[in-house]
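S.K.: return a 3D structure for these sequence lines:
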Amino acid sequence: MTYLNFPAYTEDITVAGSLLVDRVTRIYESMLGREPFAEDDLRRFPGLISKVSKVQLIDRLGSEPNIVGTIHVTTSHVIFKADDSAKEIWIPNGLIGVVERGALSALGSPLTVRCKHFLTLTFLISKDKDCQDLFETLARCARPVNISEVFAFENRERRIEHRMGEVRRGWDRFDWDVEFARQGIGTADKQLWRVTDFNIRYQFCDTYPEWICVPSAATKQILIGSCKFRSRARLPALTYWHRANAACIARCAQPLTGFSARCVEDEQLMDLIAKTNPSCSTVFLVDTRPRVNAMVNKMQGKGFEDVRNYANMRFHFFDIENIHIMRTSLQKLLDACQRARTMTEYLKQLEACGWLRHTRALLECGAFLADSVSKGISCVVHCSDGWDRTSQTVSIAQLLLDPFYRTIRGFQILIEKDWLGFGHKFDDRCGHIGALNEEAAKEVSPIFAQFLDATYQLMRQRPRAFQFNERYLIEIHEHAYSCQYGTFLGNCDKDRKDLHLSKRTQSLWAYLDDRHDDYLNPLYEANKYTLLSNIDFHPSAIVVWTAMYNRFDTGLLPRESTTDVTISTLEHIGVLEAHMAALQARLAELKAALGKQAVCCGVMVDSGHSSSTSSAASTSVPHKPHSCEALNGLCVNKEAIARQDTQESGVYDSSFAFSEDSTPCPALRWQSLRLAEECSSKNCGAEFATRGERRLHCYRCGKIHCRRCITITPDER
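M.R.: Numbering: from 1, shown residues only. So this is what the prediction gives:
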């Protein structure tokens, strides 16, 4: 078991209210590559963990008996291990959402842990004092006071050495110049836009990137004036330029108009944005808020643009609710998914939560933007501060417009640009920090999760247009909350630079790169879809994403998904075809060797081995791909040929023998995904946490194993 230097505190719940601060020497270097936890580790590293024994894990659906085990609490994880080692659950502290205590009963005190990735665990603890202490410990671990306390700063993974020093993989994934050049900005015949360092060192807007793209004709005075007139100084800036017709999508925050204020510089900047599109002088100004909400903001000195002051502007409002409505809506959806006892009750709660209605509103706004841009009409989008609903809608529009963003790498670029770059407040919205702070809880909202949900709805309707599958979205969602990687820490780009995250933490993109094959969509057709149009917004077309919200309810999910079966089948075919090609190449070598020997000797020496080899060569060269029986036969002949080295006398050429390493025989039958609930390795036997977790087939034996038991890449296998 491998450990690394890791400063940690633990809380021993056997001493009420005490906090034991310890320094431990080592902890797992890979979260998903960890080995099963052993009691010997506790004795060997007594400062690593404090524990509660004889805790019962209650099955939420009541279909399984309670599991008795031990809870271990560390500064990085909460770990439940069954006494019989049949079950082991690891929860990063960053994923702990709500901890609830139930009423004391004769059986003990119930403690419910609701996680941000929608896992719900209920424990039954015999002693009320132990339950209270564990409750306080988990509540504290779930809400660190300072961002530097999260596990990302201690997560150690392999590094890449660079001539200029140590570079962490994934942190160079996005570059503003490269992305805008890919879109077509800066080409010789189109100099209407320019990338500028106007906001260098974040001197005008601390929630914008240092480099922004603005109209080439916009002077610094115009940009400064617009900053002063926009909420949080978030002036209109380009996020997407449509190469086909020069239409664009720009984003900003609401203006500080009140009831009568205006700004000449802001009006000039809007006019310059309109002039960058030579095919259409009209610009759609899209306010994603309900009109009533925008009117209320006018009383606070904010609001929306006055149509009389902005020439060639057409206003459109979309009724997308605020962060508080979305937070309540998701909680009601989870209650419906996890607590409804009958179908009637479930449908009533589903309708009342409004989550599907809110998701449809996002899709409708994104589709409106995409349709407008595809027709040559530029759009400027804002909500209140321009970092929540604006990020959602412009991202959806770009998914519909640009097939690059529907690839695995392109989706990362989209998130880097419109979420991380333009200042979506991940710390606040995901609840990364804020212990003992009730105000911080009001800032939490599933804005990013809702965008991923909307992406999934598009994938359902256009499954061949996306390179990635839903597992990719679920993985990103989990690690946006887990705090294991630095990618989603901080509220803006300035925060991430101030914290030196690229030097002190690991990038999530590097982790996803290592598992690239897990996220591939086997139905993807790269060149078939450009613009995604005619999206169905009928209520029946927007569905609950059960693989996300019921991710850990295995009884409610299919025992095998179509995507995984397709991937497994294609992988198996590829293995057999590669083996067939290797056998054909080997047979060609044997033929060539036999021909040379016949020429040199004139007559083939009958050693017994030569005749059997010639026979095998003549009968085994197929005119069509090998069947399973043919491959089986070759495996048997391989052993027979190898044995004749010692059993026969006469002339023997060692090149005739097959090498076990050079031509390994793959399994002809692979274990069904439907029956795979745990790793097939006798030394592991780890249970797969969810139905969505990737199950890997061993090419040699055909059985399913977990990732830590198959440590080599698919190419190496």
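S.K.: keeping just the C-alphas, turn the longest strand seen in the chain into PDB.
M.R.: Taking residue count as the measure and DSSP state E as the definition, the longest strand of the chain comes out as strand 50-58. Coordinates of each C-alpha in strand 50-58 appear next as PDB, following Å, rounded to 0.1, in the frame of the first residue of the first chain:
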ATOM      1  CA  SER A  50     -10.500   7.600  13.900                       C
ATOM      2  CA  LYS A  51     -13.400   5.300  13.600                       C
ATOM      3  CA  VAL A  52     -16.900   4.300  14.800                       C
ATOM      4  CA  SER A  53     -17.400   0.500  15.000                       C
ATOM      5  CA  LYS A  54     -20.600  -1.600  14.800                       C
ATOM      6  CA  VAL A  55     -22.400   0.900  12.500                       C
ATOM      7  CA  GLN A  56     -25.200  -0.400  10.400                       C
ATOM      8  CA  LEU A  57     -25.600   0.700   6.800                       C
ATOM      9  CA  ILE A  58     -29.300   0.700   6.000                       C
END
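S.K.: pull the distance from whatever helix or strand comes next after that strand to the chain's centre.
M.R.: Following strand 50-58 in sequence order, the next helix or strand is strand 67-73 (DSSP states H and E). The chain centroid and the centroid of strand 67-73 are separated by 29 Å, computed with CA atoms, centre = their mean, to the nearest Å.
S.K.: likewise stretch 67-77?
M.R.: When distances are taken as CA atoms, centre = their mean, stretch 67-77 is centred 25 Å away from the chain's centroid.
S.K.: before we move on, what about stretch 264-282?
M.R.: Stretch 264-282 has its average C-alpha position 37 Å from the chain's average C-alpha position, going by CA atoms, centre = their mean.
S.K.: just the mean pLDDT for it, thanks.
M.R.: Along stretch 264-282, the predicted local confidence has a mean pLDDT of 93.
S.K.: so for that stretch, what gets flagged as buried?
M.R.: 265-274, 276-277, 280 (16 or more other CB atoms under 10 Å). To be clear about C-beta, it is placed using only N, CA and C from the backbone, and glycine gets the same treatment.
S.K.: now, those that are in helices?
M.R.: Among the buried residues of stretch 264-282, the members found in helices (DSSP state H) are 265-274.
S.K.: any stretches of the stretch 151-300 of the chain with poor pLDDT?
M.R.: In the prediction, the stretch 151-300 of the chain carries residues with pLDDT under 70 at positions 157-168, 187-190.
S.K.: all the helices of it, in order from the start?
M.R.: Ranges of helices in the stretch 151-300 of the chain, per DSSP state H, counting those that start in this stretch, are 176-183, 220-229, 264-275, 291-298.
S.K.: so which of the ones you listed gets nearest Ile58?
M.R.: Evaluated with CB to CB, those place helix 291-298 nearest to Ile58, the distance being 42.4 Å.
S.K.: tell me who's in contact with the residue most central in space within the chain.
M.R.: Among the residues of the chain, Ile476 comes closest to the average C-alpha position under CA atoms, centre = their mean, at 1.9 Å. Contacts here follow CB atoms under 8 Å, 6 or more residues apart in numbering; on that basis Ile476 touches 415, 452, 508, 512.
S.K.: at 10 Å what do you get?
M.R.: Ile476 makes contact with 411-412, 415, 448-449, 452, 455, 468, 487-488, 508-509, 512, 519 under the criterion CB atoms under 10 Å, 6 or more residues apart in numbering.
S.K.: go on, Phe688?
M.R.: Phe688 sits next to 554, 676-679, 694-695, 704, 706 when contact means CB under 10 Å, 6+ apart.
S.K.: check the residues you listed for burial and list the buried ones.
M.R.: Under a neighbour-count criterion of 16+ other CB under 10 Å, the subset of the contacts of Phe688 counted as buried comprises 554, 676, 678-679, 694-695, 704, 706.
S.K.: looking at these, which one is closest to Leu583?
M.R.: So of those, ranked by how close each gets to Leu583 (CB to CB), first place is Ile704, at 25.6 Å.
S.K.: what's opposite the closest one in the beta bridge?
M.R.: Beta bridges link Ile704 to His697, judged by DSSP bridges.
S.K.: show me the contacts for it.
M.R.: If you count contacts by CB under 10 Å, 6+ apart, then Ile704 has 568, 670-673, 675-681, 688, 694-698, 710 around it.
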